[in-house]
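Novice: Quick check, what structure comes out for this input:
(one chain, ligands or ions: 1)
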Amino acid sequence: MTQDMRQTKDETLIDPITRHPDFHDTESKIAVFGHPLHAMTVTFPVALTFCCFGADGLYWWTGDAFWARAAAWAAGLAFLIGVAAAVTGTLELLFVPGIRARAAAWTHAVIAVTFIAVTGANWGYRLTGYESAVLPYGILMSGFCVLMVSITGWHGGKLVFDYRLGTSNGK
Ligand code: HEM
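Specialist: Numbering: from 1, shown residues only. From the prediction side, this is the model:
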């Protein structure tokens with residue numbers, strides 16, 4: 001392989017976004033003493049979504065109304081704290097140039113907003129009668145929410161651990 005060919009091959013391996021002048025400005029701005037609010041808030045909707053699905057399963061198994069009520073509370077809190085997480089995430093996306101420049105950050109936002117919409121529907125449906133809502137549509141929706149939040153959460157983790165978005169670059 002000639003020097004020219006090697007150089008061309010290396011050039012194609014360079015991520016074009018890393019050449020963007022603002023890319024390295026990826027440090028979280030929506031943070032308390034450098035601790036990003038988004039990372040602090042996302043854990044709640046993730047955990048509550050799993051709790052909702054678990055409570056639906058326990059209601060199906062035991063028939064105890066307590067679990068149907070617990071699932072309705074979990075869906076509602078997952079939605080409300082999810083909206084708060086979406087607000088902090090959106091502010092990062094809009095105000096941090098290096099985050100804005102990454103297409104993956106926008107992909108994460110689209111998946112996350114879809115998740116919030118389904119979780120909102122899951123909660124709203126339960127407000128019409130928390131016991132009657134569980135079978136079959138409530139549990140189907142919470143199963144779908146588990147899938148969505150897993151994809152969103154995994155993708156959000158990718159932004160931090162692969163692309164280092166929201167992290168300090170040691171300046
Ligand atoms: C419009 C909505 C959202 C936007 C624009 C957004 C944007 C971002 C951004 C820019 C990051 C990188 C870290 C940072 O800057 O703080 C991130 C991380 C992450 N996001 Fe979101 N996000 C949104 C909603 C959500 C929701 C609803 C969830 C889950 C319920 C979620 C889960 C995560 C997770 C788990 C991380 C990794 C956090 C870490 O490990 O530190 N995001 N998100």
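Novice: the strands in the protein, which residues?
Specialist: For the chain, the strands defined by DSSP state E occupy 31-32, 35-36.
Novice: Contact distance from the ligand - what residues of the protein qualify?
Specialist: Within the chain, the positions near the ligand by CB under 6 Å from any ligand atom are 28, 36, 38-39, 42, 45-46, 82, 85-86, 89-90, 92-93, 99, 105, 108-109, 112-113, 115-116, 149, 152-153, 156-157, 159-160, 165-166. For every residue, glycine as well, the C-beta is placed using N, CA and C.
Novice: Helices of the protein, start to end?
Specialist: 3-13, 37-62, 65-95, 97-100, 103-126, 139-161 (DSSP state H).
Novice: Now these in TSV, please, with extra columns for mean pLDDT.
Specialist: Output for the helices of the chain, formatted as TSV (pLDDT from 0 to 100):
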stretch	mean pLDDT
helix 3-13	61
helix 37-62	98
helix 65-95	98
helix 97-100	93
helix 103-126	97
helix 139-161	97
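Novice: out of the residues of the chain next to the ligand, which are buried?
Specialist: Buried residues within those, counting neighbours by 16 or more other CB atoms under 10 Å: 28, 36, 38-39, 42, 45-46, 82, 85-86, 89, 92-93, 99, 105, 108-109, 112, 115-116, 149, 152-153, 156, 159-160, 165-166.
Novice: OK, contacts around the closest residue to F115 other than its chain neighbours?
Specialist: Once flanking residues are discounted, F115 sits nearest to M148: 4.0 Å by CB to CB, 6 or more residues apart in numbering. Residues in contact with M148 (CB atoms under 8 Å, 6 or more residues apart in numbering) are 111, 114-115, 118.
Novice: Cool, thanks, signing off.
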